[in-house]
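**Student:** sequence unavailable; structure follows:
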Ligand SMILES: Nc1ncnc2c1ncn2[C@@H]1O[C@H](COP(=O)(O)OP(=O)(O)O)[C@@H](O)[C@H]1O
Ligand SMILES: C=C(OP(=O)(O)O)C(=O)O
Ligand SMILES: [K+]
Ligand SMILES: [Mg+2]
């Protein structure tokens, strides 16, 4: 191990096992200049921060130095918000058995009663998603209230996400309330004019400009290939099209036009957020949702605008996730990821805009950019599609889920499988078991995570926090600690630890409810509520003793502790950050 100075001391852990010896560390400066990071086995040096020291790595290697625990934990117990599902999982499977990949379920008619929601929560649902495309606003509000009630009354920790309808050209009416078969050679009339009643072979589009820039000879794809037409005549804004590849017309099917094998980019004037979307967002803010997923994002400004709007309207932070589901969004991916609080890879609509065979590579690229930029990412759509109807998934679906887990996506999402499917709970259990299996395989096979993270912080304190988290995870992996504890107000430190995808679970203690709910989407993080004080040692002692009293942490467990609680009494520039290794005695 070497430490050298400058304005920022950098700690190099070497690969393989690190042998810890207190005599190798002391609190004097290492190397050249004045390092800002100290290594010390003694907690006495903790008091010396303030003289330019940014961080202290306190290494408690001797189990005899273990903490003495408070005697009466009853009062503390009630203060610690460890959700019932994580507690049970920890009790049953131990630290390494805890699932790291987060699960998102779309709530629909198949799973909207309190009993059904409770079963999903027990089955591992971390985030409930409400797609505002469907059903009424009142229906969605009612579901949100049920989830919040379950959290409060039954000790779950399920975050709520609403997903905007967004603007896209789609079918309003194709003459039938359900799907319609389209025969090859049949000729159909596409119009934006209001149709009274049902006319055979007539399709009503939701937007009058749907055929702008479209020429005779162009190809019209329904839902990215459910059926294909050739435009044979253009009359005013209406199109007469002949089916060239038979298939199905589903309700609200989406259009895309192609010319010479390329998507025709239509410059239509539909805003990303319609008046209805804004009203849905307002109601989401009122209901206290944790995330808003923005459909059909085109650029980073749209995300920033929504974030600004939320910050003026909402008393608590709400994460804005950008859904990547268009060619336009793919072109501006980096900017959009940077502007967002997270990303959803909306493979359903993305598959309408790009050839299907491009989806796997694009998914890989998006997950990797998100990890580099430290934003949570959800892989969505058709993960277990066959389970909408059948009680068992296809092998190919399980392989697709496994690949998303292997790519270290933060979250996996069920759509129709839970919303309208017959086997929603079973689909959730397939996601859970597949995640667990793939995570342990990844851990066993490639012992070393090979991300060399790009630096995301710009200001020095942020860069230091990032270095501490990178090093902390390397230490945790090399030492094989049982778990990582992090004390965090805004979740930044917890997310930086998660970004490194450690082997051990991360327990993130926060005193802020919105931070807890936001961390629910982060890979490997179990967020807990705890009253934090300026005294880091007291926070650590309190959390360990409460978990010990619950019987989920026991003697001999080793915990790597990371803290970034900034004492209110100090200047914010001297954030107090530390790494310690504790052995529970
Ligand atoms: N709140 C809801 N009410 C009724 N049906 C819903 C609801 N949410 C989702 N669904 C149904 O589940 C299907 C899958 O959901 P999702 O993937 O979110 O929507 P979409 O298929 O429109 O992209 C939808 O096509 C719709 O039929
Ligand atoms: C998740 C998606 O969005 P939605 O279900 O709202 O169409 C998708 O297109 O894959
Ligand atoms: K949507
Ligand atoms: Mg979509």
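**Tutor:** Cool, the structure landed. Because the structure is predicted, anything quoted here is derived from the model rather than measured. Numbers count the residues shown, from 1 in each chain. Ligands and ions are numbered 1, 2, ... in the order given.
**Student:** residue 394 against residue 400, yeah?
**Tutor:** No - assessed by C-beta atoms under 8 Å, residue 394 is found out of contact with residue 400, at 9.1 Å. Heads up, the C-betas are built off the backbone N, CA and C, glycines and all.
**Student:** who has more neighbours, those two?
**Tutor:** Counting neighbours by other C-beta atoms under 10 Å for residue 394 and for residue 400 shows that residue 400 has the greater number, 21 against 13.
**Student:** that one and residue 386 touch, don't they?
**Tutor:** No - using C-beta under 8 Å, residue 400 is not in contact with residue 386, being 11.3 Å away.
**Student:** show me where the stretch 151-300 of the chain has its strands.
**Tutor:** For the stretch 151-300 of the chain, strands defined by DSSP state E, counting those that start in this stretch occupy the ranges 159-163, 171-173, 180-182, 187-191, 202-205, 219-222, 227-235, 238-245, 247-249, 255-259, 262-263, 291-294.
**Student:** for residue 176, give its distance to ligand 3.
**Tutor:** From residue 176 over to ligand 3 the distance is 23 Å, taken as C-beta to the ion, to the nearest Å.
**Student:** which positions in the stretch 201-350 of the chain make contact with ligand 2?
**Tutor:** 295, 323, 325, 346, 347, 348, 349 (C-beta under 6 Å from any ligand atom).
**Student:** identify the residues contacting residue 221.
**Tutor:** Residues in contact with residue 221 (C-beta atoms under 8 Å, 6 or more residues apart in numbering) are 227, 228, 229, 255, 256, 257, 258, 352.
**Student:** how is the last one assigned, secondary-structure-wise?
**Tutor:** Under DSSP: H, G, I helix; E, B strand; the rest coil, residue 352 falls in the helix class.
**Student:** if I look at it, how far off is residue 123?
**Tutor:** Residue 352 is 31 Å from residue 123, where distance means C-beta to C-beta, to the nearest Å.
**Student:** okay, and the residue lying closest to residue 490 once chain neighbours are set aside sits in which element?
**Tutor:** In space, and not counting its chain neighbours, residue 490 is closest to residue 515: 5.9 Å by C-beta to C-beta, 6 or more residues apart in numbering. In this assignment (DSSP states H and E), residue 515 forms part of helix 513-519.
**Student:** just checking, what packs against that helix?
**Tutor:** With contacts defined as 3 or more C-beta pairs under 8 Å, 6 or more residues apart in numbering; DSSP states H and E, the packing partners of helix 513-519 are strand 506-510, strand 525-529.
**Student:** so what's the residue count around residue 310?
**Tutor:** Per other C-beta under 10 Å, the neighbour tally for residue 310 reads 18.
**Student:** wait, it touches residue 320, no?
**Tutor:** Yes - assessed by C-beta under 8 Å, residue 310 is found in contact with residue 320 at 6.9 Å.
**Student:** which residues do those two both contact?
**Tutor:** With C-beta under 8 Å, 6+ apart as the test, residue 310 and residue 320 both reach residue 292.
**Student:** neighbours of the residue lying closest to residue 520 once chain neighbours are set aside, how many?
**Tutor:** Nearest non-adjacent residue to residue 520, counting by C-beta to C-beta, 6+ apart: residue 159, 4.4 Å away. Residue 159 has 25 neighbours, counted by other C-beta under 10 Å.
**Student:** same question, residue 138
**Tutor:** Residues within reach of residue 138, counting by other C-beta under 10 Å, total 9.
**Student:** cool, and residue 313?
**Tutor:** 12.
**Student:** what's near enough to touch it?
**Tutor:** Contacts of residue 313 by C-beta under 8 Å, 6+ apart are 282, 285.
**Student:** mind running it again at 10 Å?
**Tutor:** 281, 282, 285, 286 (C-beta atoms under 10 Å, 6 or more residues apart in numbering).
**Student:** over to residue 334?
**Tutor:** 300, 369, 372, 373.
**Student:** kindly give a single PyMOL line that selects the buried subset of these.
**Tutor:** In PyMOL, this line selects whichever of these come out buried by 16 or more other C-beta atoms under 10 Å:
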select buried, resi 300+369+372+373
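**Student:** what is the nearest of the contacts of residue 334 to ligand 2?
**Tutor:** Using C-beta to the nearest ligand atom, residue 369 is the member of the contacts of residue 334 that sits closest to ligand 2, with 18.2 Å.
**Student:** need the pLDDT of the spatially closest residue to the closest one that is not a sequence neighbour.
**Tutor:** Once flanking residues are discounted, residue 369 sits nearest to residue 337: 5.5 Å by C-beta to C-beta, 6+ apart. In this prediction, residue 337 carries a pLDDT score of 98.
**Student:** quick revisit: got a list of what the residue nearest to residue 520 touches?
**Tutor:** Going by C-beta under 10 Å, 6+ apart, residue 159 touches 102, 104, 125-129, 147, 151, 289-291, 319, 514, 516-521, 527.
**Student:** tell me how far it lies from residue 125.
**Tutor:** Counting by C-beta to C-beta - residue 159 and residue 125 are separated by 10 Å.
**Student:** between these two, which contacts overlap?
**Tutor:** Counting by C-beta under 10 Å, 6+ apart, the residues touching both residue 159 and residue 125 are 102, 104, 147.
**Student:** the last one: how many residues sit nearby?
**Tutor:** In terms of burial, residue 147 registers 26 neighbours under the definition other C-beta under 10 Å.
**Student:** residue 360 now?
**Tutor:** Residue 360 has 13 nearby residues by other C-beta under 10 Å.
**Student:** pLDDT score assigned to it?
**Tutor:** Residue 360 is assigned a pLDDT of 97 by the prediction.
**Student:** got the buried residues for the host helix or strand of it?
**Tutor:** Take DSSP H and E as the rule and residue 360 turns out to sit in helix 359-372. Residues of helix 359-372 classed as buried: 359, 362, 363, 366, 367, 369, 370, 371, 372 (neighbour count, 16+ other C-beta under 10 Å).
**Student:** contacting residues around residue 316?
**Tutor:** Taking C-beta under 10 Å, 6+ apart as the criterion, residue 316 is in contact with 285, 288, 289, 290, 310, 512, 513, 514, 515, 517, 518.
**Student:** returning to that earlier point: what separates the residue nearest to residue 490 from ligand 2, distance-wise?
**Tutor:** Shown here: residue 515 relative to ligand 2, a distance of 26 Å by C-beta to the nearest ligand atom, to the nearest Å.
**Student:** for residue 427, see how far away that residue is.
**Tutor:** 30 Å.
**Student:** of those two, which one has the most company?
**Tutor:** Looking at residue 515 and residue 427 with other C-beta under 10 Å, you find the greater number of neighbours at residue 427, namely 26 against 21.
**Student:** list the contacts for the more buried one?
**Tutor:** 105, 123, 383-388, 391, 393, 397, 414, 416-418, 421 are the contacts of residue 427 under C-beta under 10 Å, 6+ apart.
**Student:** buried subset of those residues?
**Tutor:** 105, 123, 383-388, 393, 397, 414, 416-418, 421.
**Student:** so what's the backbone phi/psi at whatever residue of the stretch 151-300 of the chain ends up closest to ligand 1?
**Tutor:** Taking C-beta to the nearest ligand atom, ligand 1 has its nearest neighbour within the stretch 151-300 of the chain at residue 252, 6.2 Å off. Dihedral pair for residue 252: phi 60, psi 30, per degrees, to the nearest 10.
**Student:** same check, this time on residue 106
**Tutor:** phi -80, psi 130.
**Student:** hey, what's it bridged with?
**Tutor:** Following DSSP bridges, residue 106 is listed with bridge partners residue 129.
**Student:** surely it and residue 388 touch.
**Tutor:** No - when contacts are counted by C-beta atoms under 10 Å, residue 106 is not listed as touching residue 388 (11.3 Å).
**Student:** isn't residue 465 right up against residue 562?
**Tutor:** Yes - using C-beta under 10 Å, residue 465 is in contact with residue 562, at 9.2 Å.
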